[in-house]
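Visitor: Take this sequence and fold it.
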Amino acid sequence: MRVRFAPSPTGHLHVGNARTALFNWLLARGQQGTFILRIEDTDLERSTKASEQAILDDLRWMGLQWDEGVEAGGSFGPYRQTERLRNYADHAARLLADGTGYYCFCSAETLDAQRKAQLAAALPPKYAGTCRNIPAAEAFARKAGGEPAVIRLRVPERREVAFTDVVRGLVTFHTDVIGDPVLVRSDGIPAYNFAVVIDDAEMEVTHVIRGEDHISNTPRQILVYEAFGYTPPAFAHLSLVMGPDHAPLSKRHGATSVREFREKGYLPESLVNYLALIGWSPGQNEELLPAEELARRFRLENVAHSAGVFDEDKLAWVNRHYLKLCAPDRLAELAEPHLRARGQVVGPLSAAARDWLEQVLPAMATSVDRLPQLADRLEAVFRPAGGPLESEPGLAEVASALAAELAGGLRLIDKDTFRAMAGRVKDRTGLKGKALFHPIRVILTGAAEGPELDLILPAIDRAAELSDSGLAPVASCQQRAQFATGLLNP
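Guide: Here you go, the predicted model:
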């Protein structure tokens with residue numbers, strides 16, 4: 001089994017295309033096949049090396065490493081279409097020589113007028129065949145004389161083109177509605193339906209898995225396969241990925257590219273797991289599975305042909321699961337750029353600071369959906385002491401009690417120490433429950449809500465002890481209590 005993903009490097013990798021790549025990868029991995037990456041860069045005006053590199057980076061980030069293709073090499077290269085132009089020209093010459101292909105000299109204006117006339121007559125727009133019967137010798141002479149021409153495929157008349165789609169079943173088109181497609185443009189650049197057939201045939205691709213927007217291309221491609229005597233691969237057309245309003249996922253729905261979801265703080269395993277669930281189910285009432293297990297269970301025959309909806313809330317739910325499983329050292333590494341963006345990390349991290357992050361972040365990760373929210377959870381650690389405090393019942397009394405308890409240098413470095421201290425403040429003030437713990441939170445964290453106090457306060461005091469750590473300065477709980485007492489008890 002040989003499958004391929006063949007993106008055009010004209011922009012970022014859309015999650016719909018990423019799902020196509022994933023389904024190809026899952027099939028290849030699950031069936032011990034070969035996953036090929038080919039770059040279709042013949043759109044010379046829009047294709048860029050930067051886009052190509054971004055696509056490669058996103059695929060690698062997702063863990064979709066290819067076995068053969070661009071940068072990996074292989075026996076069927078080159079794997080960029082712009083490096084295969086001579087091959088396409090040779091194939092076109094074969095069709096011109098046997099009469100299956102022919103030169104068309106119609107201008108863009110002529111073709112546009114024909115199209116408008118057909119639409120006005122409620123007919124399907126297709127090439128009218130104006131140049132189809134020009135004698136070959138005349139056509140070759142006109143081309144040799146410098147007259148611009150495209151090369152078209154001479155489509156057989158009055159026949160059906162049928163194929164069995166692995167996802168959708170039998171699909172049939174009649175050649176009367178197809179017309180004679182352009183194979184090579186007047187500038188010598190091959191059309192998509194021509195180049196893709198040659199590439200897939202020569203690279204011995206056995207299964208073509210792509211979006212349903214390519215269904216109408218398939219009969220034209222089958223006719224090109226026939227023209228060369230090539231055997232077509234199996235075709236599987238996936239439903240498009242829709243937004244919550246059941247319109248094709250686009251910028252108006254928010255983030256749509258893999259790069260955007262990376263930047264929003266989703267883990268690659270989360271995006272891979274979630275994309276696999278759009279239009280396919282691993283069965284056994286399970287959804288949260290690693291990529292290799294998804295590949296073991298994946299079958300094209302079980303892919304649904306109804307549209308799948310991309311729901312970012314569901315992606316966030318999946319991401320929450322994988323954040324909880326994330327190893328502490330990896331979590332710290334992934335969170336660091338977001339902490340730097342928030343000003344919580346300001347320099348190279350010391351070993352002690354990295355250890356602190358690896359201890360603190362896993363506890364914070366149990367209640368967040370995305371990596372930047374870890375910075376939200378740590379905000380209380382880095383709030384400066386001495387900020388304004390609005391007076392409320394019990395605040396001054398608790399501040400005085402806290403200052404007294406912490407004045408001797410007591411450090412709240414673990415849960416037990418904090419709980420014992422809170423019990424003594426309770427005894428000093430006579431307050432309990434919310435009336436006690438809400439003022440403690442406001443005084444020591446500067447916020448009315450946040451992580452559990454027995455987690456965040458030890459994190460504050462351990463961070464306050466670090467010096468030259470690369471972390472932003474952290475005021476200790478003792479300093480915060482003293483500042484609050486001065487503000488509330490002038």
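Visitor: can you map out the strands along this protein?
Guide: Assigned by DSSP state E, the chain shows strands spanning 2-5, 34-37, 68-69, 101-104, 150-153, 160-165, 169-174, 182-184, 207-211, 234-238, 241-242, 308-309.
Visitor: what does the last one rub up against?
Guide: Taking contacts as C-beta atoms under 8 Å, 6 or more residues apart in numbering, the residues outside strand 308-309 that touch it are S239, V241, M242, G243, P244, H246, I278, G279. In short, each C-beta sits where N, CA and C put it, glycine included.
Visitor: among those residues, which ones are buried?
Guide: Among those, those scoring as buried are S239, V241, M242, G243, I278, G279 (criterion: 16 or more other C-beta atoms under 10 Å).
Visitor: from those residues, which two are the most distant?
Guide: In the buried ones among the contacts of strand 308-309, the most distant members under the criterion C-beta to C-beta are G243 and G279, with 14.6 Å between them.
Visitor: Quickly name whichever of the buried ones among the contacts of strand 308-309 is closest to T20.
Guide: Using C-beta to C-beta, the buried ones among the contacts of strand 308-309 come closest to T20 at V241, 9.3 Å.
Visitor: What's opposite that closest one in the beta bridge?
Guide: When bridges are called by DSSP bridges, V241 pairs up with G308.
Visitor: residue contacts, it?
Guide: With C-beta under 8 Å, 6+ apart, V241 has these contacts: V15, G16, R19, P248, L249, I278, A307, G308, V309, F310.
Visitor: In the residues you listed, which residue is surrounded by the most others?
Guide: Sorting the contacts of V241 by how many neighbours each has (other C-beta atoms under 10 Å) puts R19 first, at 26 neighbours.
Visitor: With adjacent residues omitted, what lies nearest to it?
Guide: Of all residues not flanking R19 in the chain, L275 sits nearest, at 4.5 Å (C-beta to C-beta, 6 or more residues apart in numbering).
Visitor: In this structure the one you found contacts H14, no?
Guide: No: checked against C-beta atoms under 8 Å, the pair L275 and H14 is beyond contact range at 11.3 Å.
Visitor: between those two, which one's more packed in?
Guide: A count of neighbours by other C-beta under 10 Å puts L275 above the other of L275 and H14, at 27 against 17.
Visitor: Could you check the pLDDT of that one?
Guide: At L275, the model reports a pLDDT of 98.
Visitor: Equivalent analysis for the one 5 residues further on, please.
Guide: W280 is assigned a predicted lDDT (pLDDT) of 96.
Visitor: burial measure for the closest residue to it other than its chain neighbours, as a count.
Guide: Leaving aside its sequence neighbours, W280 sits nearest to V303 (C-beta to C-beta, 6+ apart; 4.9 Å). The local packing of V303 (other C-beta under 10 Å) involves 22 other residues.
Visitor: With T417 instead?
Guide: 16.
Visitor: Quick one: residues contacting it.
Guide: Contacts of T417 (C-beta under 8 Å, 6+ apart): L410, R411, P458.
Visitor: for the chain, what are the low-confidence residue spans?
Guide: For the chain, the stretches flagged by pLDDT under 70 are 385-391, 490.
Visitor: how does it divide into domains?
Guide: 84-238, 382-488 (automatic domain parsing).
Visitor: Out of the ones you listed, which one sits most buried?
Guide: Among the domains of the chain, domain 382-488 has the highest mean neighbour count (mean count of other C-beta atoms under 10 Å), at a mean of 18.
Visitor: tell me which of the contacts of T417 is nearest to A365?
Guide: Closest approach to A365 among these (C-beta to C-beta): P458, at 16.6 Å.
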